[in-house]
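Visitor: got a structure for you, letters missing:
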């Protein structure tokens with residue numbers, strides 16, 4: 001029997017704010033354990049929470065970017081459970097009145113070839129709600145230690161519908177969602193720092209069946225690749241259990257990305273096990289149209305919308321846009337250089353092939369580089385006008401990257417300006433024709449590419465400084481008269 005996988009993802013995204021969700025204590029990463037705490041974080045008796053409005057702005061922005069309906073009123077609830085990472089023994093969250101409902105994440109599946117755009121799909125969302133993060137357990141050799149630095153950090157939970165059917169779709173979903181959050185300045189989404197965490201709910205059912213199977217939650221998926229690998233592993237495990245005559249148990253499993261194996265942690269809790277009830281210390285939040293309009297004006301262009309615009313507006317191929325668009329800073333660099341030069345395709349090639357290579361060799365980011373969009377635009381113009389030959393332009397770019405000097409200054413300093421003496425060029429062309437009778441015969445027989453047989457001779461005579469465009473024009477004029 002063939003089986004179909006059904007996958008839903010619960011993604012937790014730490015919101016980038018200076019302070020925590022319900023207290024003014026600093027939010028951050030990498031500090032000494034238990035230094036980012038205060039009486040509210042540690043749940044000392046008598047303390048009261050105060051909402052962080054910046055975090056509310058961020059979740060509204062996330063909802064608007066993902067096409068969600070923003071609730072006119074949302075409220076706070078207590079999710080009750082006992083675990084050492086939660087000092088209050090409950091988590092302030094949202095249950096039946098989340099701030100965002102519906103919406104979708106646009107994904108791109110791999111194309112049939114690396115340079116071909118893949119199929120685009122919309123994965124529907126159930127909800128996005130805001131809550132506070134919990135602390136972190138550090139498991140040592142003999143016991144476990146608790147660090148509450150993370151506790152209380154604003155945390156968005158983005159819940160998808162069970163609408164994905166393969167590990168590849170889940171991988172594409174997380175990749176797209178992460179890009180959107182970074183574009184919006186909502187989170188840096190660094191999984192190594194716990195800023196983006198994912199739990200996957202996976203079930204299988206006979207192909208063609210509409211009823212959902214028993215779901216298993218997979219936890220500790222601490223990289224996007226491990227999400228893909230863990231889901232693929234769990235699908236195979238469930239199929240094997242069913243085919244062996246067994247039954248899938250609703251449970252939570254731990255996936256080890258290093259070994260590619262999983263193990264059962266506990267049977268899965270139901271919502272009623274958490275005994276949700278409205279938090280008596282926090283008032284409901286009313287989101288009016290003016291608030292939404294202000295946030296809407298701050299929303300950036302979405303990554304896939306930008307990619308489609310680049311392809312249509314600048315006629316840049318998919319292979320270039322798929323490198324530019326994931327990096328918001330690189331995309332802005334490209335647009336500025338493209339507008340200055342009027343040659344977006346050439347600009348895209350210089351950025352993707354040469355700029356990124358030099359950045360990688362230097363191990364620096366774009367913000368630290370000496371080369372600017374105006375440098376790329378000037379270099380493109382020098383090559384396009386024939387002032388600088390393409391092979392020499394590569395060396396010029398490297399020096400511009402290293403020094404920050406203008407391309408024109410480098411060309412003058414190194415004496416790289418292409419020679420265009422018409423009389424001398426014509427003689428080189430005549431000598432090349434005389435020295436290559438076979439190329440002449442082929443060209444006269446209608447083989448247009450045979451003209452290239454003369455060009456090596458000419459470039460050698462010109463010591464590489466002849467303008468290729470003028471060489472081609474002069475050759476064709478002379479050949480037409482033979």
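Guide: That came in fine, so what should we check first? Keep in mind it's a predicted model, so treat the numbers as computed, not measured.

Visitor: What is the neighbour count of the residue nearest to residue 331 when sequence neighbours are not counted?
Guide: Leaving aside its sequence neighbours, residue 331 sits nearest to residue 324 (Cβ to Cβ, 6 or more residues apart in numbering; 5.1 Å). The way it works is simple: take the backbone N, C-alpha and C, and place the C-beta from them, glycine included. Per other Cβ atoms under 10 Å, the neighbour tally for residue 324 reads 22.

Visitor: Same check on residue 54?
Guide: By other Cβ under 10 Å, the residues close to residue 54 number 14.

Visitor: what comes into contact with the helix or strand containing it?
Guide: Using DSSP states H and E, residue 54 maps to helix 53-65. The contact list for helix 53-65 (Cβ atoms under 8 Å, 6 or more residues apart in numbering) reads 13, 15-18, 21, 68-70, 99-100, 103, 128-130, 154, 156, 158, 180-181, 183-184, 186, 285, 287, 291-292, 295-296, 298-300, 302.

Visitor: circling back: the residue nearest to residue 331 reaches residue 348, doesn't it?
Guide: Yes - in this structure, residue 324 is within contact of residue 348 by Cβ atoms under 8 Å, at 6.8 Å.

Visitor: Spell out which residues are contacts of both of the two.
Guide: Joint contacts of residue 324 and residue 348 (Cβ under 8 Å, 6+ apart) are 316, 334.

Visitor: Just give the nearest non-adjacent residue to the most centrally placed residue in the chain, would you?
Guide: By Cα atoms, centre = their mean, the mean C-alpha position of the chain lies nearest to residue 179, the distance being 3.7 Å. Computed as Cβ to Cβ, 6+ apart, the closest residue to residue 179 that is not its neighbour in sequence is residue 303, at 4.8 Å.

Visitor: again, but for residue 116
Guide: Using Cβ to Cβ, 6+ apart and skipping the chain neighbours, the partner closest in space to residue 116 is residue 318 (7.0 Å).

Visitor: That neighbour touches residue 108, doesn't it?
Guide: No - between residue 318 and residue 108 there is no contact under Cβ under 8 Å: 10.3 Å.

Visitor: Mind listing the shared neighbours of these two?
Guide: Residues within reach of residue 318 and of residue 108 at once, by Cβ under 8 Å, 6+ apart, are residue 117.

Visitor: in stretch 372-388, what counts as buried?
Guide: Of the residues in stretch 372-388, 372-373, 375-383, 386-388 count as buried by neighbour count, 16 or more other Cβ atoms under 10 Å.

Visitor: nope, stretch 232-247 is what I meant
Guide: Buried residues in stretch 232-247, counted by 16+ other Cβ under 10 Å: 232-235, 237-239, 242.

Visitor: Now tabulate those residues in TSV and tack on pLDDT, secondary structure and distance to residue 219.
Guide: Formatted as TSV, the buried residues of stretch 232-247 follow (pLDDT from 0 to 100; DSSP: H, G, I helix; E, B strand; the rest coil; distance: Cβ to Cβ, whole Å):
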residue	pLDDT	secondary structure	distance to residue 219
232	96	helix	16
233	95	helix	13
234	95	helix	11
235	96	helix	16
237	95	helix	15
238	95	helix	16
239	95	helix	21
242	94	helix	22
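
Visitor: out of those, which one sits closest to residue 80?
Guide: Nearest to residue 80 among these is residue 234, at 28.8 Å by Cβ to Cβ.

Visitor: List the contacts of that closest one.
Guide: So residue 234 contacts 200, 202, 216, 218, 253, 255, 262 (Cβ under 8 Å, 6+ apart).

Visitor: for those, which one is nearest residue 226?
Guide: The nearest member of the contacts of residue 234 to residue 226, counting by Cβ to Cβ, is residue 255 at 6.8 Å.

Visitor: re earlier: could you report the separation of the residue nearest to residue 179 from residue 286?
Guide: Distance of residue 303 to residue 286, given as Cβ to Cβ, to the nearest Å: 32 Å.

Visitor: Comparing those two, which shows the higher neighbour count?
Guide: Under the neighbour definition other Cβ under 10 Å, residue 303 and residue 286 were set side by side, and residue 303 has more, 22 against 10.

Visitor: Correct me if wrong: the more buried one contacts residue 325.
Guide: Yes - contact criterion Cβ under 8 Å: residue 303 and residue 325 qualify, at 5.3 Å.

Visitor: Excluding chain neighbours, what is closest to residue 30?
Guide: Of all residues not flanking residue 30 in the chain, residue 193 sits nearest, at 7.8 Å (Cβ to Cβ, 6+ apart).

Visitor: Would you check how far apart that neighbour and residue 397 are?
Guide: For residue 193 relative to residue 397 (Cβ to Cβ), the value is 35 Å.

Visitor: Could you do residue 278 as well?
Guide: Going from residue 278 to residue 397 by Cβ to Cβ gives 62 Å.

Visitor: more crowded one of the two?
Guide: With neighbours defined as other Cβ under 10 Å, residue 278 and residue 397 compare such that residue 397 has more, 22 against 14.

Visitor: Surely the more buried one forms part of a helix?
Guide: Yes - secondary structure of residue 397 (DSSP: H, G, I helix; E, B strand; the rest coil): part of a helix.

Visitor: Against residue 165, how distant is it?
Guide: Separation of residue 397 from residue 165 (Cβ to Cβ): 46 Å.

Visitor: With residue 246 instead?
Guide: Using Cβ to Cβ, residue 246 is found at 22 Å from residue 165.

Visitor: Now residue 398: closest residue in space that isn't a chain neighbour?
Guide: residue 358 (6.7 Å).

Visitor: got it, and residue 386?
Guide: Counting by Cβ to Cβ, 6+ apart, the residue nearest residue 386 is residue 467, at 4.1 Å.

Visitor: Thanks a lot, see you next time.
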